[in-house]
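*Asks:* A predicted structure for the sequence below; I have some questions about it.
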Amino acid sequence: MSTTANTRTIFFSGIGGIGMSALAQLMKEKGDRVSGSDRSDSPVAELLREKGIDVVIGQEAKNITEDTNLLVYSAAVPEDNPERVRAQELGIPELSYFAALGQISGEYRTVAVAGTHGKTTTTGMLAAILKDAGASPTAVVGSIVQDFGSNYLGGTSDLFIVEACEYQRHFLELSPEVLVITNLEFDHSDYYQDLADVQDAFRALIEKVPAHGAVITDAEHPSIAPLLENIAPRVIDYTKEPEYPLMLPGEFNAHNAKAAAAASRVVMPELHTALINRSLESFRGTWRRFEYKGTHNGATVYDDYAHHPTAIKETLRALREKTEGRIFVAFHPHLFSRTRDLLDGFARAFADADEVLIAPIFAAREVNDGTVSSELVAERVRAEGVSARALTFESIEDVLRTEPKEGDVIMTMGAGDIYKVANALVA
């Protein structure tokens, strides 16, 4: 990668975020002096320290020094955060994570991977294929890719592979030459009004792809097909790709692999199928995506980030294909709005489970308006004929320590802290 003419001092407020931490690594590799802060310590913060990036715990005004040239802030860091207030007092320019990522995107040939499900794994797969092919891409992925040991892959070419988040239309900051859309469903109901609103955002992203670029997607997907009418770039239907050998389970991962393979062929038309096969067959996946954690009392323990009904349903379907034992699911609902607006889907998503333990809803950026609860989710799951209980984190861990037996499977699921239960079981 090229080094900037003038080294800058950049501070990342909320550096422990999965995207922020990747961007921090990228900026350090470009030659900038990088440091940052977060509210709590984490494995990601430790990863950054190992990469030579100073991370302080606690967000205070004193962290922002007068020699700082730029403050990059996470979406979780509000304007009244003491670090941002201090930056404003000192006249230090600020950029949101997504705006900063957009600036980087403008400097490269960008391949953006968007979609409701599968974009993290697809981004990781694509980066791995191109790395193995010698294309030396730079990549920012929304999870730790086991093959890289990081959520960031540094490269020397002009290729930039990036996971594109649709929340609040953030992906419109990017400048994709190639766009992958894995699939499209209604989600982020705290921002989008309905599916048509989500489709409108994706259409706007498609329109940013130049005529010489490409859109790689399931061209017959009912939510995507209307968005492809009268667009300038060529459309490539990844579903026409052959089946690829995979270490990862599930039909959804087979689709992710096809999307990644199709994108790699667009970027490198000379790429041989044999190399794609080898790369995908050895791809070990990403953190919190059907991640094998170990065993407890003879029960196998997995962890997964799934927090949308479709992702839960497909992940559990793949798990059921792998085991004849009982499946215990500990689910951490993410956001009151999502849980309320997709409640019917959540009720039906656990059909392949035997026991479902529902943790208190993870509020994240929201305030509880009293319209939904973990008890209501459990009640609706039971109405679909699956045993379900609403429990505290401590009670969930107690149940999973005692009830599963040898041959059973435990799966922790959700975008919150439920992975800590899996870690505790296998510790």
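*Replies:* Perfect, I can see it now.
*Asks:* Phi, psi for A114 please.
*Replies:* phi -120, psi 170 (degrees, to the nearest 10).
*Asks:* give me the beta-bridge partners of it?
*Replies:* Taking DSSP bridges as the rule, A114 bridges to I181.
*Asks:* Retrieve the pLDDT associated with it.
*Replies:* Looking at A114, its pLDDT stands at 97.
*Asks:* now it: how far from A128?
*Replies:* As for A114, its distance to A128 is 19 Å (criterion: Cβ to Cβ, to the nearest Å). All C-beta atoms are positioned from the backbone trio N, CA, C, and that covers glycine.
*Asks:* Helices along the stretch 301-427 of the chain, start to end?
*Replies:* For the stretch 301-427 of the chain, helices defined by DSSP state H, counting those that start in this stretch occupy the ranges 309-322, 336-341, 343-348, 374-383, 393-402, 419-426.
*Asks:* got the ones you listed as TSV, with mean pLDDT and mean neighbour count columns?
*Replies:* Formatted as TSV, those follow (pLDDT from 0 to 100; neighbours: other Cβ atoms under 10 Å):
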stretch	mean pLDDT	mean neighbour count
helix 309-322	92	19
helix 336-341	93	21
helix 343-348	96	17
helix 374-383	97	18
helix 393-402	96	16
helix 419-426	94	18
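*Asks:* closest one to N81 among those helices?
*Replies:* Closest to N81 of those, according to Cβ to Cβ: helix 336-341, at 23.3 Å.
*Asks:* for that closest one, the distance to its chain's centre please.
*Replies:* Averaging C-alpha positions (Cα atoms, centre = their mean, to the nearest Å) puts helix 336-341 19 Å from its chain's average.
*Asks:* any idea how far A383 is from D132?
*Replies:* 48 Å.
*Asks:* show me where the stretch 1-150 of the chain has strands.
*Replies:* 9-13, 33-38, 54-57, 70-73, 94-96, 109-114, 138-145, 150-153 (DSSP state E, counting those that start in this stretch).
*Asks:* which stretch among these comes nearest A424?
*Replies:* Among these, strand 138-145 comes nearest to A424, with 19.4 Å by Cβ to Cβ.
*Asks:* which strands and helices sit next to that closest one?
*Replies:* helix 18-29, helix 43-50, helix 119-132, strand 150-153, strand 159-163 (3 or more Cβ pairs under 8 Å, 6 or more residues apart in numbering; DSSP states H and E).
*Asks:* quick one, which of those is nearest to N69?
*Replies:* helix 18-29 (11.1 Å).
*Asks:* thinking again about what came up before, JSON lines please, covering the helices and strands packed on strand 138-145 and showing mean neighbour count, mean pLDDT and distance to D417.
*Replies:* Listed next are the helices and strands packed on strand 138-145 as JSON lines, based on neighbours: other Cβ atoms under 10 Å; pLDDT from 0 to 100; distance: least, Cβ to Cβ, whole Å:
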{"stretch": "helix 18-29", "mean neighbour count": "23", "mean pLDDT": "94", "distance to D417": "14"}
{"stretch": "helix 43-50", "mean neighbour count": "17", "mean pLDDT": "91", "distance to D417": "13"}
{"stretch": "helix 119-132", "mean neighbour count": "28", "mean pLDDT": "96", "distance to D417": "18"}
{"stretch": "strand 150-153", "mean neighbour count": "24", "mean pLDDT": "92", "distance to D417": "18"}
{"stretch": "strand 159-163", "mean neighbour count": "27", "mean pLDDT": "96", "distance to D417": "22"}
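*Asks:* Put together TSV for those, with distance to V178 on each row.
*Replies:* Formatted as TSV, the helices and strands packed on strand 138-145 follow (distance: least, Cβ to Cβ, whole Å):
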stretch	distance to V178
helix 18-29	19
helix 43-50	28
helix 119-132	10
strand 150-153	17
strand 159-163	9
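*Asks:* quick one: contacts of stretch 282-298?
*Replies:* The contact list for stretch 282-298, computed with Cβ atoms under 8 Å, 6 or more residues apart in numbering, reads 120-121, 124-125, 128, 141, 143-147, 246-250, 253, 300-305, 315, 318-319, 400-401, 404-408, 410, 419, 422-423, 425-426.
*Asks:* Could you list the buried residues of that stretch?
*Replies:* 283, 285-291, 293, 296 (16 or more other Cβ atoms under 10 Å).
*Asks:* Which single one of those residues is nearest to A75?
*Replies:* R288 (19.3 Å).
*Asks:* Please tell me how far the closest residue to P249 other than its chain neighbours sits from N256.
*Replies:* Leaving aside its sequence neighbours, P249 sits nearest to A318 (Cβ to Cβ, 6 or more residues apart in numbering; 4.5 Å). Distance, A318 to N256, by Cβ to Cβ: 12 Å.
*Asks:* try R382
*Replies:* 32 Å.
*Asks:* for A232, same thing?
*Replies:* Distance from A232 to N256, by Cβ to Cβ: 26 Å.
*Asks:* and if you look at F12?
*Replies:* With Cβ to Cβ as the criterion, F12 and N256 are 29 Å apart.
*Asks:* So if I had to pick from those two, which one is more boxed in?
*Replies:* Remark: of F12 and N256, N256 carries more neighbours, 33 against 29, as counted by other Cβ atoms under 10 Å.
*Asks:* So which other helices or strands are in contact with the longest helix seen in the chain?
*Replies:* In the chain, assigned by DSSP state H, the helix with the most residues is helix 251-267. Helices and strands touching helix 251-267, by 3+ Cβ pairs under 8 Å, 6+ apart, are strand 109-114, helix 119-132, strand 176-181, strand 214-217, helix 273-282, helix 309-322.
*Asks:* let's go with 10 Å and repeat that
*Replies:* strand 109-114, helix 119-132, strand 159-163, strand 176-181, strand 214-217, strand 234-237, helix 273-282, helix 309-322 (3 or more Cβ pairs under 10 Å, 6 or more residues apart in numbering; DSSP states H and E).
*Asks:* So what angle separates the directions of it and strand 176-181?
*Replies:* 160 degrees (axes from the mean of the first three to the mean of the last three Cα atoms, to 10 degrees).
*Asks:* Name the residues of helix 251-267 that come out as buried.
*Replies:* 252-267.
*Asks:* so for it, what's the average pLDDT?
*Replies:* For helix 251-267, mean pLDDT rounds to 96.
*Asks:* How many residues are close by the residue nearest to E29 when sequence neighbours are not counted?
*Replies:* The shortest distance from E29 to any non-neighbouring residue, by Cβ to Cβ, 6+ apart, is to G154 (4.9 Å). By other Cβ under 10 Å, the residues close to G154 number 16.
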